[in-house]
Each structure stands twice: as C-alpha cells, then as structure tokens.
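Asker: Below: sequence and its predicted model.
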Amino acid sequence: MTVRVQGVTKRFSGQSGPAAVSTVSFEAKSGVITTLLGPSGSGKSTLLRIIAGLEEPEAGSVWINGQDSTRVSPRQRNVGFVFQNYALFRHMNVFENVAFGMRVRKRAPAEVKGRVEELLELVQLASYGKRFPSQLSGGQRQRVALARALATNPHVLLLDEPFGALDARVRLELREWLLGFQERSGVTTILVTHDQEEALELSEHIVLLNAGLVEQSGAPHELYDAPATPFVASFLGGGSVLRGTVREGRAAVGSLELSAPEGAPDGASVHALVRPHDVRVEKPVNTRGISLARVERLRRIGPYVKVFLELPSGEPMTATLRKSEIDALGIHDGDAVFVDFREAKVFLEGHA
C-alpha cells in the first residue's frame, strides 16, 4: 500500500504569512516506515492529518493504494492513527480498547475476539487484556494504541510523535520494538517526529520539512551524507557554521582550504558547516590547522566531551571527542589549541 502526496498546500483560516504546508510532494513506499521530520511548526502533523482525512488541503491530492483519496472520508480511507497522548478510553480495559473499532463496524464477536488476541500477542501484551490504561506504563499504553489502530486492518498506519511523551529509556526500547513490529506486520507506516536520531534509526525514507516546504527527501544516509541545503546539513547532525571565501577554485576558511561548491566564482562568500565529530583538536605543538583557538569550556556527556571553542575570528565552534582523547591531550578550560576538520559541507552564501 503506497501513499502518494502531490502538491499539497494547506493554509488555516485567518493564518497570515506562509502556508502551514506548501506544494509538498512525496511517496511513502509500501511496507516500510517513511518519516516526516522537521522542527516544530514545519507542517509535519498538519500533513499527517491531511493524509488521514482529518484536514482538507486547499490544493493538491492524496493517493492511497493508487486511489485518489483527497475527498474521501477518514473512515473510508482505512488508515490507523496513533497520537502522542495514546487517546485510550480510560473506562475500557485493554481488550475493549483494542476491540472498539471492530465493534463500531459490527464485526462478529468471534472475529473480534480472535483479532484482539492476535494483536495483543503481536504487541507483547497477551496477558494484559483485563487491565485498564491506568494500570499500564507509558510504553504499554502506546503499544495498546498501536494494537487498536491495527485492529481494523488499515491500509496505512500513521504515527504522530508516538514516543514524545515517554522518558528516554522507554523511547529507546519502543524504537527497537517498533522495528521488529514493522518487520512482522509489514504495514505501510508514516511517522512524524522532530527527533533526528529517531528518524535515522527507524526510517527507510525521510521527508525533511522546514516552514511547510520539503527541504530534501530520500534515504537517511542520502540526507546525512549529501545534504542539499545548509538547513539539512545543520538539522541532521548539527554543527558549527564558519564563513569563508572562494579563492582559485577552493574555499578558504581561516587558514584551511576546502573544496568549493561546483561552479562557485572567485570571491564568492561561502559558509562551511562542520559537524562536532568531524573536528580534530590538537595541542599547539606544530602549525597545522586553522590556527590557534581557545577552549571556552568542556562539558562531559557520558563517554564523550563537548569542547566549546572560540576561533581567532571570534566564531564559535563545537567539537565532540572521547574522554580518553581529552585526557591524552591534557586539554583544560582556557587552553589554546589547533583545530582541523575531517570533513566539512561547503555552501554558497545565501544558498537555500
């Protein structure tokens, strides 16, 4: 079951400025997870609600399994929707929550019983049928919500920030669980998240949105390794932006020379995005590197240390090193160091 979105635009009544979603197009392939990724306000949830039929676009179309579903009611689209806050019925036990959609459709009792038991087994809650939502953990409630969404055999499963209300440990556990669940169920899934790590881990295809527009779409490694815009490069992996100039076909950034963007003329302004793990830091025992930078502070994060630097130009830069590297170098707050890059993404100034 594929989902194809073509030129979808949505502007809410009374909204000023850019549309919530503007001319968005992409295709979610059958049987895999496609993720709508982006910061808050980028249009992810609006787009998901348009696919579900809960919002109507002012332009464009939504095709589900080869059929134009743009004006089809949510029920007739046969999609399952899972919200961030679970939306379980508190007065119903787990079995009745999962059975609800089937009972509304007046399915036979034997069919309801068999399907609910099958789904509770699938979400690893087979013995929890008589419990109420208040007796479950957050992760268990979210799995019940997934089972309920699947009870009517939807063509497509839509997940709107499904792990956003959970603590970090449970989120990681549910990511692993969802990957296994996806392999077993084979349902076409569209996931909304602002968490880049979640998107990179779970997705076969990512659609990265910014201010209602598609910045780039493709496989996770394509967006990470070959970002099309500075926004994509900075959103996936973060990093420091340094300014430079094209000289004789190379991008001069400080005392370093990097590959210039193709066709960039001499004198053109560029900015280089350098991710923290691509920064090398050395004590000043030689003259290699961008020249002396100053260590403003060190921040320990588990086995890694974030090194906050100030370059000679006054520009800030962040490096991520292992604690063992920091200890071997003997770096402390206020030290002078040389920095170099393993890799940098260079864009023409003003490139969008």
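Answerer: Nice, I can see it.
Asker: Distance from stretch 329-346 to the middle of the chain?
Answerer: How far stretch 329-346 lies from its chain's middle: 29 Å, per Cα atoms, centre = their mean, to the nearest Å.
Asker: And for stretch 215-230?
Answerer: Counting by Cα atoms, centre = their mean, stretch 215-230 is centred 12 Å from the centre of its parent chain.
Asker: for the chain, what spans make up the helices?
Answerer: For the chain, the helices defined by DSSP state H occupy 44-52, 74-77, 94-104, 109-122, 138-150, 168-185, 196-202, 220-225, 230-235, 323-329.
Asker: Pick out the shakiest of those helices, pLDDT-wise.
Answerer: Among these, helix 168-185 carries the lowest mean pLDDT, a mean of 81.
Asker: Now do that one: everything it contacts.
Answerer: 32-33, 122-124, 137-139, 142-143, 146, 150, 162-163, 166, 189, 198, 201-202 (Cβ atoms under 8 Å, 6 or more residues apart in numbering). Quick note: C-beta positions are derived from backbone N, CA and C, even for glycine.
Asker: again, but for stretch 121-134
Answerer: Under the contact criterion Cβ under 8 Å, 6+ apart, stretch 121-134 has outside partners 86, 88-95, 97, 116-117, 120, 136, 140-141, 143-144, 146-147, 150, 177, 181, 184-185.
Asker: Any of the residues you listed buried? List them.
Answerer: Neighbour counting by 16 or more other Cβ atoms under 10 Å classes 86, 88, 93-95, 97, 116, 120, 136, 140-141, 143-144, 146-147, 150, 177, 181, 185 among those as buried.
Asker: which regions of this structure sit below the pLDDT cut-off?
Answerer: Counting by pLDDT under 70, the chain has low-confidence residues at 14-16, 165, 285-291, 350-352.
Asker: Can you give me the domain boundaries for the chain?
Answerer: Dividing the chain into domains by automatic domain parsing, as the record does, gives the ranges 3-234, 238-348.
Asker: what's the first-to-last distance across the last one?
Answerer: If I follow you right, that is domain 238-348. 18 Å (Cα to Cα, to the nearest Å).
Asker: from the chain's centre, how far out does it sit?
Answerer: The answer for domain 238-348 is 26 Å, by Cα atoms, centre = their mean.
Asker: Start the count at 520 instead of 1 going forward.
Answerer: Will do, 520 is the new start, and the previous item becomes domain 757-867.
Asker: of all the helices of the chain, which lies closest to A855?
Answerer: helix 842-848 (12.1 Å; Cβ to Cβ).
Asker: got the buried residues for that closest one?
Answerer: So, applying 16+ other Cβ under 10 Å, buried residues of helix 842-848: 844-845.
Asker: just to revisit the earlier point, buried subset of the contacts of helix 687-704, written for ChimeraX?
Answerer: For the buried members of the contacts of helix 687-704, the matching ChimeraX selection, counting by 16+ other Cβ under 10 Å, is:
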select :551,552,641,642,658,661,662,665,669,681,682,685,708,717,720,721
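Asker: What is the burial count for A629?
Answerer: 8 (other Cβ atoms under 10 Å).
Asker: where's it relative to R667, distance?
Answerer: 19 Å (Cβ to Cβ, to the nearest Å).
Asker: name the helices or strands packed onto the strand ranked longest in the chain?
Answerer: Longest strand in the chain, counting residues (DSSP state E): strand 811-820. Packed against strand 811-820 by the contact rule (3 or more Cβ pairs under 8 Å, 6 or more residues apart in numbering; DSSP states H and E) you find strand 823-829, strand 855-860.
Asker: Same question for that strand: list its buried residues.
Answerer: Residues 812, 814, 817 are the ones in strand 811-820 that count as buried (16+ other Cβ under 10 Å).
Asker: Same question for stretch 727-738.
Answerer: Neighbour counts over stretch 727-738 (16+ other Cβ under 10 Å) mark 727-737 as buried.
Asker: cool, stretch 765-777 as well?
Answerer: In stretch 765-777, counting by 16+ other Cβ under 10 Å, buried: 765, 769-770, 772-773, 775, 777.
Asker: Then stretch 825-834?
Answerer: Quick answer for stretch 825-834 (16+ other Cβ under 10 Å): 826, 828, 830.
Asker: bridging residues for the first one?
Answerer: Okay, so that is V826. Beta bridges link V826 to L817, A838, judged by DSSP bridges.
Asker: my read: it touches L817, true?
Answerer: Yes: V826 lies in contact with L817 (Cβ atoms under 8 Å); the separation is 5.8 Å.
Asker: Show me whatever sits in contact with both of these two.
Answerer: 845, 850.
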